[in-house]
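Asker: sequence plus the predicted model coming up.
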Amino acid sequence: MRIVLKKSETTDAIQAVAGIVPQRSTRPILYNLLIKAEKEGRVQVGATDLEVAMKWTIPGDTGGETGAFLVPARKLADIMKEAPADEVTLKVEGEKINVTSGKAKFSLNAANAADYPELSEFPGSVMTVDLGDLAAMVEKTGFSVAKDEIRYAINGLYMTAEGKTLELTGTDGHRLANASCKLLKSAPKGFAAITPAKLLEEIPRLYAQFTKTDKAGEEEEKPAKTDLKAEIGVSESDVFVKVGDVELTGRQLEGTYPKYREVIPKEVKEKVKIDKEQFLAALRRAALVTTEETRSVALAISSGTLKVTARDPEVGAEEEELEVEYSGPKKEVAFDPRYLRDGISRLTEPVVNLEVEDSERAGVVREPGYVYVLMPIRR
């Protein structure tokens, strides 16, 4: 079997699929890409780590042949990047994959494609969302997902949909991020799936790749916003996202997701309005005098003023005042500065509306389509 690829047309796709390959595995066959020669001019590149899979159909000259073979993922991705000519030929010869480009020739060991795990087929779309909107939602929630060996369900993002609204929620027990957007195609009633974070983390990368600029810094012709669509499908055990020629599959996480709506406090009337960039800068400075043991920044709120204070007996102290818009009673609360910055930095609006009731209850920042809830630190 012989396949001819264009470096300029396929390198980004091959590198993206290679990114799914696990760093370490007890099954060495997973270190490969599954290359399938389909109909004339179409080649499918696939990979899986057994939790998440990606398939990307790329252009290629198959000479009318069909079939499949495996090739080491990292090696092929590197070869495509460094190939001296635009034309790259992959030829299967026995137990070797010979790769040639210009005067460069590589011979790679090949495994048996029949031993590679089967990659699920997209079952059809149950709802459709703008790719840019979905990417923004992942950016606003993915960072808050837990890495918990006991409460396995919170290791994923909870995807829910009703009517024409899609929501993503992430939590690690200390904080919760919830983002929502409008669907282009309505969802089935009661749709809910705990989705692997790794699957959805690929969405912003795909969006960036599909809308990237050229080397001169000038924007390439982009599809109209409504042309960049993500189709979402589901089976009994998997969640699927299809974007054009790219298919992502992730195994739904088992367990019961927390009742996150009960965690989100009701909106308070007296909000602290703070310039976003000034607040982030103050939190960064305060964090300089904290350690892992004393990772806490105190906020003292009074009329027109927010005092940010951090102290550590081994390091020292820092404090500064910010002008804010607030006329309510005095309040004091402490938060992990890193966690607070994580939520605030995802806001798109220039002014932070911080909601604080007292030192015992969660703080909240909100804007249309986004809510971030953070538990305080008791001092």
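Answerer: Structure's in. What do you need?
Asker: going forward, measure contacts between C-alpha atoms and count neighbours the same way
Answerer: OK.
Asker: pLDDT of stretch 334-345, averaged?
Answerer: Per-residue pLDDT over stretch 334-345 has a mean of 96.
Asker: list the contacts of it.
Answerer: Here stretch 334-345 makes contact (C-alpha atoms under 8 Å, 6 or more residues apart in numbering) with 140, 143, 175, 177, 276, 280, 283-284, 286-287, 295-299, 352, 359, 365, 372, 374-379.
Asker: now do stretch 348-356
Answerer: Contacts of stretch 348-356 (C-alpha under 8 Å, 6+ apart): 267-268, 270-277, 331, 333, 344, 362-367.
Asker: out of the contacts of stretch 334-345, which end up buried?
Answerer: 140, 143, 175, 177, 276, 280, 283, 286-287, 295-299, 352, 359, 365, 372, 374-377 (16 or more other C-alpha atoms under 10 Å).
Asker: what's near enough to touch the residue nearest the centre of the chain?
Answerer: When C-alpha atoms, centre = their mean is applied to the chain, the residue found nearest the centroid is Glu201 (2.0 Å). By C-alpha under 8 Å, 6+ apart, the contact set of Glu201 is 138-139, 142.
Asker: restricted to helices, list the contacts of stretch 348-356.
Answerer: Residues of the contacts of stretch 348-356 located in helices (DSSP state H): 276-277, 344.
Asker: distance to Trp56 for these - can I get that in JSON lines?
Answerer: Listed next are those as JSON lines, based on distance: C-alpha to C-alpha, whole Å:
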{"residue": "Lys276", "distance to Trp56": "39"}
{"residue": "Glu277", "distance to Trp56": "39"}
{"residue": "Ile344", "distance to Trp56": "35"}
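Asker: relative to Gly316, which of those is nearest.
Answerer: Relative to Gly316, the closest of the ones in helices among the contacts of stretch 348-356 is Glu277; by C-alpha to C-alpha it sits at 24.5 Å.
Asker: what's the nearest residue to the closest one if we skip its chain neighbours?
Answerer: Pro350 (7.5 Å; C-alpha to C-alpha, 6 or more residues apart in numbering).
Asker: and Glu231, by the same measure?
Answerer: Distances taken as C-alpha to C-alpha, 6+ apart put Thr128 closest to Glu231, at 4.5 Å, once the chain neighbours are dropped.
Asker: for that neighbour, pull up the helix or strand it's in.
Answerer: Here Thr128, judged by DSSP states H and E, is contained in strand 127-130.
Asker: can you name the element that comes right after the helix or strand hosting Pro204?
Answerer: Using DSSP H and E, Pro204 sits within helix 197-210. Next in sequence after helix 197-210, counting helices and strands by DSSP H and E, comes strand 229-234.
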